[in-house]
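Engineer: this one's sequence-less:
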């Protein structure tokens with residue numbers, strides 16, 4: 001099967017955008033993750049807000065520890081976004097060709113995006129679990145990727161996979177809303193040919209704004225599952241590698257739901273929502289803004305590379321001809 005160059009362009013620009021976005025906002029991500037996990041682990045509000053996590057890092061002279069696990073997170077983010085954007089773009093194009101439709105409806109868009117997200121979650125779950133454990137480790141005591149994964153069994157590396165699959169609805173909702181809003185904004189651009197609509201881009205400000213709105217909606221709707229996932233992945237083993245009955249119960253979805261309900265009630269399922277929205281909205285908005293601005297350049301580079309390879313192959317064939 002021939003490589004889909006347009007899907008490759010989408011995947012490459014999305015992965016690069018994710019890499020830059022993750023690096024820029026990583027300290028905020030660490031603060032957010034430690035804040036969410038600490039509430040679960042101790043049942044007390046050691047961190048009243050994100051600034052308390054930052055103050056702790058500064059007071060203990062561990063500011064650089066806000067970047068612990070950055071390498072693993074970048075690897076996970078790059079692979080996840082590349083797989084997601086390639087799969088999402090390719091399946092959308094295939095759907096349009098097979099169905100003969102000019103545009104994808106909201107329902108079909110949600111299904112296709114969720115399918116791409118499910119594949120992404122399965123491929124990158126061990127890296128996602130490892131990065132969460134690194135971020136929630138005590139400042140200055142984070143271990144490398146291999147040691148983090150080697151601490152438990154192979155199944156421990158897939159902690160939270162069930163919720164991750166459920167959370168495929170998050171990017172599905174996000175990118176569906178983004179695409180729909182983008183199409184509405186681009187309707188007024190009559191100077192762009194219809195058959196080149198896949199290469200239409202938003203301005204940096206429009207992409208940032210639309211990205212923020214789409215991610216806000218997706219985050220609010222899926223936040224209870226997001227918090228449960230962080231809590232499951234942040235469960236630590238004892239020094240001898242064992243886990244108490246309480247720790248084991250909190251590695252399951254029913255156990256986490258019961259723990260939240262018992263100690264915090266319904267509001268507990270949305271505890272830390274403001275921190276999640278602040279981080280994910282900024283991250284997604286920056287990602288989509290970068291992706292929109294570099295997608296055209298990426299497309300040109302891919303076409304130039306393809307042309308170069310075709311010319312090189314043609315010259316080689318001529319040189320071999322008698």
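Structural biologist: Arrived safely, thanks for sending. Everything numeric in this text was worked out from a predicted model, so none of it was measured. Numbering: from 1, shown residues only.
Engineer: and the most centrally placed residue in the chain, what does it touch?
Structural biologist: Per C-alpha atoms, centre = their mean, the C-alpha nearest to the average position across the chain is that of residue 77, at 5.9 Å. Under the criterion of C-beta atoms under 8 Å, 6 or more residues apart in numbering, the contact partners of residue 77 comprise 18-19, 21-22. Heads up, the C-betas are built off the backbone N, CA and C, glycines and all.
Engineer: Among the residues you listed, which one is most surrounded by other residues?
Structural biologist: Across the contacts of residue 77, the neighbour count under other C-beta atoms under 10 Å reaches its highest value at residue 18, namely 27 neighbours.
Engineer: give me the element it is part of.
Structural biologist: helix 5-42 (DSSP states H and E).
Engineer: Report the mean confidence score over that helix.
Structural biologist: Computed over helix 5-42, the mean pLDDT rounds to 76.
Engineer: and it, how far from the chain's centre?
Structural biologist: Relative to its parent chain, helix 5-42 has a centroid offset of 6 Å by C-alpha atoms, centre = their mean, to the nearest Å.
Engineer: need the next SSE after it, C-terminal direction.
Structural biologist: Proceeding N to C from helix 5-42, the next assigned helix or strand is helix 50-59, under DSSP H and E.
Engineer: Any buried residues in the helix or strand following that following helix, and which?
Structural biologist: Tracing the chain past helix 50-59, the next element assigned as helix or strand by DSSP H and E is helix 70-99. By 16 or more other C-beta atoms under 10 Å, the buried positions in helix 70-99 come out as 70, 72-93.
Engineer: correct me, but residue 116 touches residue 81?
Structural biologist: No: look at residue 116 against residue 81 with C-beta atoms under 8 Å: they stay out of range, at 10.8 Å.
Engineer: Return every residue with contacts to both of the two.
Structural biologist: Overlap between the contact sets of residue 116 and residue 81, as judged by C-beta under 8 Å, 6+ apart, is nil.
Engineer: for the longest helix seen in the chain, packing partners?
Structural biologist: Ranked by residue count, the top helix of the chain under DSSP state H comes out as helix 273-320. In terms of contacts (3 or more C-beta pairs under 8 Å, 6 or more residues apart in numbering; DSSP states H and E), helix 273-320 is packed against helix 5-42, helix 204-233.
Engineer: re the thing from before, the residue nearest to the centre of the chain and residue 18: what is the separation?
Structural biologist: Taken as C-beta to C-beta, to the nearest Å, the spacing of residue 77 relative to residue 18 amounts to 5 Å.
Engineer: Taking helix 70-99 as reference, get the angle to the longest helix of the chain.
Structural biologist: Calculated by axes from the mean of the first three to the mean of the last three C-alpha atoms, to 10 degrees, helix 273-320 forms an angle of 70 degrees with helix 70-99.
Engineer: What's the mean pLDDT across stretch 153-168?
Structural biologist: When the per-residue pLDDT values of stretch 153-168 are averaged, the result is 80.
Engineer: What is the distance between that stretch and the centre of its chain?
Structural biologist: Relative to the chain's own centre, stretch 153-168 is displaced by 14 Å; criterion: C-alpha atoms, centre = their mean.
Engineer: for residue 33, what are its contacts?
Structural biologist: Contacts for residue 33 (C-beta under 8 Å, 6+ apart) come out as 132, 135-136, 230, 234.
Engineer: any idea how far residue 177 is from it?
Structural biologist: As for residue 33, its distance to residue 177 is 25 Å (criterion: C-beta to C-beta).
Engineer: got it, and residue 215?
Structural biologist: Relative to residue 177, residue 215 is positioned 9 Å away (C-beta to C-beta).
Engineer: Looking at those two, which has the bigger crowd around it?
Structural biologist: For residue 215 and residue 177, the more surrounded residue by other C-beta under 10 Å is residue 215, and the numbers stand at 26 against 20.
Engineer: Now do the same contact list for the more buried one.
Structural biologist: Contacts were defined as C-beta under 8 Å, 6+ apart; by that measure residue 215 touches 174, 280-281, 283-285.
Engineer: Please pull out the lowest mean pLDDT helix or strand from the chain.
Structural biologist: helix 245-249 (a mean of 58; mean pLDDT, DSSP states H and E).
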